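Peer 1: Take this sequence and fold it.
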Amino acid sequence: MKSQREQAEMIKEISGASPKKCMKCGKCSATCPAFDEMDIKPHQFVSYVVDENVDALLESKTLWKCLSCFACVERCPRDVKPGKLIDAARQMVVRQRGADYLAADEIPNLLDPELPQQLLVSAFRRYKR
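Peer 2: Residues are numbered from 1 along each chain as shown. Model prediction:
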């Protein structure tokens with residue numbers, strides 16, 4: 001298993017983001033449509049990456065509540081790209097579990113009826129490359 005420092009570096013590499021540029025203004029969180037559902041808000045997620053507290057990120061609900069709409073990316077005045085950091089952490093979890101950890105016929109039973117369709121489309125777009 002990689003150290004938290006190596007995992008933080010991998011998140012930065014996958015996302016192409018520069019979390020140290022964050023000035024903690026909170027505009028990313030203020031514009032997030034899934035803000036109320038997240039346990040770690042987008043601006044906090046950036047701080048966790050900077051502080052290399054990756055274990056908490058990989059266990060958070062935020063990874064799966066993020067809609068990947070990238071409203072936070074558009075709103076950020078410093079081009080930090082919090083949504084891309086969240087997406088990169090999500091990809092790390094998927095890669096660690098393995099590509100076939102969930103069979104296609106298991107998915108319908110796991111879907112929440114209130115799950116935004118945008119989240120499903122985003123997931124298909126990202127993980128079917």
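
Peer 1: The lengthiest helix in the chain: which residues count as buried?
Peer 2: Ranked by residue count, the top helix of the chain under DSSP state H comes out as helix 82-97. Buried residues in helix 82-97, counted by 16 or more other CB atoms under 10 Å: 82, 83, 84, 85, 86, 87, 88, 89, 90, 91, 92, 94. The way it works is simple: take the backbone N, C-alpha and C, and place the C-beta from them, glycine included.

Peer 1: Now render these as TSV, adding pLDDT.
Peer 2: Formatted as TSV, these follow (pLDDT from 0 to 100):
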residue	pLDDT
82	95
83	93
84	93
85	95
86	94
87	91
88	92
89	93
90	89
91	86
92	86
94	81
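
Peer 1: Now for those residues: which two are most distant?
Peer 2: Taking every pair in those and measuring CB to CB, the maximum separation is 19.0 Å, between 82 and 94.

Peer 1: residue contacts, the residue of the chain most remote from its centre?
Peer 2: The centre of the chain is farthest from one residue, residue 105, which by CA atoms, centre = their mean lies 24.9 Å away. Not one residue lies near residue 105 by CB atoms under 8 Å, 6 or more residues apart in numbering.

Peer 1: if I look at it, how far off is residue 12?
Peer 2: Counting by CB to CB, to the nearest Å, the gap from residue 105 to residue 12 is 36 Å.

Peer 1: Please render the buried residues of helix 82-97 as JSON lines that adds distance to residue 66 to the earlier fields.
Peer 2: Shown next, in JSON lines, are the buried residues of helix 82-97 (distance: CB to CB, whole Å):
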{"residue": "82", "distance to residue 66": "9"}
{"residue": "83", "distance to residue 66": "7"}
{"residue": "84", "distance to residue 66": "10"}
{"residue": "85", "distance to residue 66": "10"}
{"residue": "86", "distance to residue 66": "5"}
{"residue": "87", "distance to residue 66": "7"}
{"residue": "88", "distance to residue 66": "11"}
{"residue": "89", "distance to residue 66": "9"}
{"residue": "90", "distance to residue 66": "7"}
{"residue": "91", "distance to residue 66": "12"}
{"residue": "92", "distance to residue 66": "14"}
{"residue": "94", "distance to residue 66": "13"}
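
Peer 1: That'll do, ta.
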